[in-house]
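In: coords below, sequence missing:
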């Protein structure tokens, strides 16, 4: 943990496919038709299907766990603000950035942002994590 510094960043991207959405629905049981039914979704404010917001949040989790701080990282807290919908076919990039490193404990606070392929922020928040050994 001693090598983590304010301003350190990591990112990872995922293109949200129909398979991604359906697998998420299967795993979580969230079968809201706005995510799964084209006809239903066409009548909503979005005009078409949207991905589950938690898929983007999961990409943040993957970035924290695999990239920064990395393996062994455990969530203590995460705030999420969903700014824009994510549609099937969108490519979402999660970026995490170290805001603070506690000097007395292996605890780090990071900003968490997801943007689509057009650079528009779809999700933002802040994570507090326990850094693995």
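Out: Ah, there it is. Since we're looking at a predicted model, the values are computed, not measured.

In: now the strands for the protein?
Out: Assigned by DSSP state E, the strands in the chain fall at 9-15, 74-82, 91-101, 107-115, 121-130.

In: now do the shortest one and strand 91-101, the angle between them.
Out: Just to be clear, that refers to strand 9-15. Here strand 9-15 runs at 160 degrees with respect to strand 91-101, directions being taken by axes from the mean of the first three to the mean of the last three CA atoms, to 10 degrees.

In: contacts made by strand 9-15 with the rest, please.
Out: 20, 55, 59, 62-63, 66-68, 89-98 (CB atoms under 8 Å, 6 or more residues apart in numbering). C-betas here are computed from N, CA, C, even on glycine.

In: with the fourth one instead?
Out: Surrounding strand 107-115, the residues in contact under the criterion CB under 8 Å, 6+ apart are 1, 4, 56-57, 59-60, 64, 68-69, 76, 78, 80, 92-102, 121-131.

In: now swap in the longest one and tell me
Out: The set of residues that contact strand 91-101 without belonging to it, under CB under 8 Å, 6+ apart, is 1, 4-16, 55-56, 59-60, 62-64, 67-68, 86, 107-117, 122, 126-127.

In: perfect, I'm done here.
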